[in-house]
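The sequence and its predicted three-dimensional model are supplied below.
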Amino acid sequence: MATISEDRRAAYPEVETMTAAVVHDFTEPLVLETVPKPVAGPGEIVVRIEASGLCHTDIHAAHGDWPVKPSPPFTPGHEGVGIVEELGAGVTEVALGDRVALPWLGYACGMCDYCVSGWETLCLEQKNMGYSMDGGLADYAKAHARYVVRVPEGVEPADAAPLTCAGVTTYKAIKVAGTRPSDLVAVFGVGGLGHLAIQYAAIAGARVVAVDLFDEKLELARELGAEFAVNAATTDPVEYIQALGGADQAIALAVSPSAFRQAYGSLRRGGTLVFVALPAENHVELPIFETVLNAITVVGSIVGTRRDLREVFELHAAGKTRVIRETRSLGEINEAIADVEAGRVPARIVFEP
Ligand SMILES: [Zn+2]
Ligand SMILES: [Zn+2]
C-alpha cells in the first residue's frame, strides 16, 4: 500500500527542506539552518509546527548538562504543537489536518510492565522528543502517531505548547503529591512550570504559597491563585512557611539545589517533597534523622502520560487554566535562552514559525 509520504515523494522527487534550530556542540549557540524535511516512516507522522515552547530541559539538552546526553547534531523541543500533514504506513491514530501536541515522551514500547500499568513515562525503551529524537524547534517534526496527543477545540496552539510539557509536568506533580482540599502546597519557582503548578494545586483545592526570587513573578503567582507569596531573596521561605504551619506538599521547580533544601525545610510533619526541576548540579543533601522522625516522603515526578496531557488540555478548554507566555520567532532562540537563564522571562517563551 502506497503511503501518503511515498505518493508525495513520487510527485516531488527533490528533497524538501525546512528550517530547524540545531545543536552542533554543547558549548556553542544553536544554529538556525536549512535541513531536509522529515519523512514519515511506518507508524509515524509529520507535523507542521504552529507553536513550540522553550523548556529549561531544552537548554540543558543544548548544553549537555545531564548524565545522559543527547548526540549532536539534534533539534531540541518537546512542546511542539501543529497540524498533521503526512501519515506514514499503518497510521490510524490521527488523521491529516488534526492538531496534535508532541510531548517529551515521544515513544514507548507499549508492552512492558510500566507501559501497561499507566507508567509509560518510565518505559526503558522510551524515546524523547528533542533529546533522542529531533524535536519541535523547527518548521516540521516527525513523531510516532501513538504518542502524540490531540489538541481539542478551544485550545490555541500557543497555549497548547507550554501545556505539553510545563502543564503536564506540574499537573502530574500535583497528582503525585497527593494534594487534597485544604492542604497547603508550597511551589518553589514561579516560571514556566510554577505558574501552572499554582493553578493545578488550586484546582485540587489547596491553599498555595509561592516562592521565587523576583517580585514580578510573585505578583503573577498571586494573580493566578497563590494566597501567599515569599521572596526568598529577602525572606527566609522556610521560616515563613513554617509560621503558616508548614506545607503538606512542596513542589521543587527551581533549578537550584538550595531551593530543594528550602522546599524540604518548609514541610510539616508527614509532608511530601516532590522533585521536578533538574538542576545541572545534581545533588542535594537531606537529613536522615528529620526525614525519619517527621515521616517525610521525597518523590520524583517525571512529565506525565498521554492521559495526563489529555486532562490538562480538557481543563484548559474548560477555561480553568491560564497560560502566561510570550511569542517570539525561532530566529531569536539564542537570545531567548539567555533570557530564560537570566530569569528575565515571566513564564514561557513560545516560538511561532
Ligand atoms: Zn520540558
Ligand atoms: Zn514500555
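Happy to help now that I have it. Residues are numbered from 1 along each chain as shown. Ligands and ions are numbered 1, 2, ... in the order given.

Counting neighbours, what do you get for residue 152?
A total of 14 residues lie near residue 152 under the criterion other Cβ atoms under 10 Å. C-beta here means a position set from N, CA and C on the backbone, and glycine is covered the same way.

Next one: the closest residue to it other than its chain neighbours from ligand 2, what distance?
Among residues not flanking residue 152 along the chain, residue 317 sits closest, at 4.9 Å (Cβ to Cβ, 6 or more residues apart in numbering). From residue 317 across to ligand 2, the span is 29 Å (Cβ to the ion, to the nearest Å).

quick one: contacts for residue 317?
By Cβ atoms under 8 Å, 6 or more residues apart in numbering, residue 317 lies in contact with 152, 153, 154, 155.

Name the member of the residues you listed with the most neighbours.
Ranked by the number of neighbours (other Cβ under 10 Å), the contacts of residue 317 place residue 155 first, at 22 neighbours.

Give me the distance between the residue of the stretch 201-350 of the chain found nearest ligand 2 and residue 163.
The minimum distance from the stretch 201-350 of the chain to ligand 2, using Cβ to the ion, falls at residue 305 (11.7 Å). For residue 305, the distance to residue 163 equals 14 Å [Cβ to Cβ, to the nearest Å].

Among the two, which residue is more densely surrounded?
Neighbours per residue (other Cβ under 10 Å) separate residue 305 from residue 163, with residue 163 holding more: 29 against 21.

What's the local residue count around the nearest residue to that one once chain neighbours are set aside?
Distances taken as Cβ to Cβ, 6+ apart place residue 312 nearest to residue 163, at 5.1 Å, with adjacent residues excluded. A count of nearby residues for residue 312, using other Cβ under 10 Å, gives 28.

just checking, residue 312 touches residue 160?
No. Contact criterion Cβ atoms under 8 Å: residue 312 and residue 160 do not qualify, at 9.3 Å.

can you tell me which residues contact residue 212?
So residue 212 contacts 188, 189, 190, 191, 194, 218, 221, 229, 231, 232, 254 (Cβ under 8 Å, 6+ apart).

can I assume the first one is in contact with residue 262?
This points to residue 188. Yes. Applying Cβ under 8 Å, one finds residue 188 in contact with residue 262, separated by 6.6 Å.

Could you name every residue contacting both of the two?
Common neighbours of residue 188 and residue 262, using Cβ under 8 Å, 6+ apart, are 211, 237.

between these two, who's got more neighbours?
Legend: neighbour count by other Cβ under 10 Å for residue 188 and residue 262, higher for residue 188 (31 against 22).

Select the helix or strand of this structure having the lowest average pLDDT value.
The weakest-scoring helix or strand in the chain, judged by mean pLDDT, DSSP states H and E, is helix 4-11 (a mean of 53).

mind listing the helices for the stretch 101-250 of the chain?
Taking DSSP state H, counting those that start in this stretch, the helices of the stretch 101-250 of the chain run over residues 113-116, 157-162, 168-177, 194-203, 215-223, 237-243.

Just the residues contacting the fifth one, thanks.
Helix 215-223 is contacted by residues 187, 190-191, 194-195, 198, 208, 210, 212, 226, 229-231, 324, 346-347 when judged by Cβ under 8 Å, 6+ apart.

How about the secondary structure of the residue lying closest to residue 138 once chain neighbours are set aside?
Leaving aside its sequence neighbours, residue 138 sits nearest to residue 20 (Cβ to Cβ, 6+ apart; 3.5 Å). The three-state assignment at residue 20 reads strand, by DSSP: H, G, I helix; E, B strand; the rest coil.

Residue 20 against residue 30, yeah?
No. Using Cβ under 8 Å as the test, residue 20 is too far from residue 30 to be in contact (9.4 Å).

Find the residues that touch each one of the two.
Common contacts of residue 20 and residue 30 (Cβ under 8 Å, 6+ apart): residue 137.

In the helix ranked longest in the chain, which of the residues would be classed as buried?
For the chain, the helix that runs over the most residues, judged by DSSP state H, is helix 306-317. Of the residues in helix 306-317, 306, 308, 309, 310, 311, 312, 313, 315, 316, 317 count as buried by neighbour count, 16 or more other Cβ atoms under 10 Å.

That one to helix 168-177, inter-axis angle?
Helix 306-317 runs at 110 degrees relative to helix 168-177, counting by axes from the mean of the first three to the mean of the last three Cα atoms, to 10 degrees.

chain center to helix 306-317: distance?
Its chain's C-alpha centre and that of helix 306-317 lie 13 Å apart, by Cα atoms, centre = their mean, to the nearest Å.
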